[in-house]
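>>> here are the coordinates; sequence isn't available:
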């Protein structure tokens, strides 16, 4: 019996969601198709019914994770008073919770160095994802944007991604916490 188009689309979405989580958890190169399909509750043999290559899946998975985490944080930050939105966003991004859960966090921080060596299609997605992050941050300024809003938002994005990446990389919990707290304070002080 053939699958309906809707069922095929749901299966593909399930594979993309599992890939997004598995790539962030273990890295792109370290995540094999068999384990990825298993995480999606499927067999390895079905992969090529949905994707031409792992690179195609990487690009699709990255497209979702580059947008979803940013939108979730930015939408939540907009519930704060205008003068507290950016601080809320920075503290949420640089939180121990985000640091300790890379599988559900920012794809730029979890996969940055691997993404730099990815296919052109994936790097296009990363470029769009970074632009989306920068635009989301710029909308949180009080007052919004301003003449130097884009440059300030780019600097904040770079500081956020770099700090969470380093906080995950070190094996000293106190140093990791210190990196998060100090970066948050310094970034917020720099944009006032």
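Alright, I've got the coordinates. Note that the structure is predicted; figures quoted are calculated from it, not measured.
>>> and residue 57, how far is that from residue 10?
Distance, residue 57 to residue 10, using CB to CB, to the nearest Å: 16 Å. C-beta here means a position set from N, CA and C on the backbone, and glycine is covered the same way.
>>> who has more neighbours out of those two?
The residue with more neighbours, out of residue 57 and residue 10, is residue 57; 25 against 12, by other CB atoms under 10 Å.
>>> does that one touch residue 19 like I think?
Yes - contact criterion CB atoms under 8 Å: residue 57 and residue 19 qualify, at 5.3 Å.
>>> so what's the residue count around residue 175?
Neighbours around residue 175, by other CB under 10 Å: 12.
>>> same question for residue 182.
Residue 182 has 12 neighbours, counted by other CB under 10 Å.
>>> biggest helix in this protein, by residue count?
For the chain, the longest helix by residue count, based on DSSP state H, is helix 54-77.
>>> still on that earlier bit, what residues do residue 57 and residue 19 have in common as contacts?
residue 36 (CB atoms under 8 Å, 6 or more residues apart in numbering).
>>> show me which residues of the longest helix of the chain are buried.
By neighbour count on 16 or more other CB atoms under 10 Å, the buried set for helix 54-77 is 54, 57-70, 73-74, 77.
>>> on contacts alone, who are the packing partners of it?
Applying 3 or more CB pairs under 8 Å, 6 or more residues apart in numbering; DSSP states H and E, one finds that helix 54-77 contacts helix 5-26, helix 85-93, helix 107-115, helix 120-140.
>>> what angle do that helix and helix 107-115 make?
160 degrees (axes from the mean of the first three to the mean of the last three CA atoms, to 10 degrees).
>>> got the contact list for residue 155?
Taking CB under 8 Å, 6+ apart, one finds 187, 190 in contact with residue 155.
>>> what helix or strand is residue 42 on?
For residue 42, there is no host helix or strand (DSSP states H and E).
>>> kindly give the local confidence score, pLDDT, for residue 7.
In the prediction, the pLDDT value recorded for residue 7 is 88.
>>> do residue 56 as well
You'll see residue 56 listed with a pLDDT of 93.
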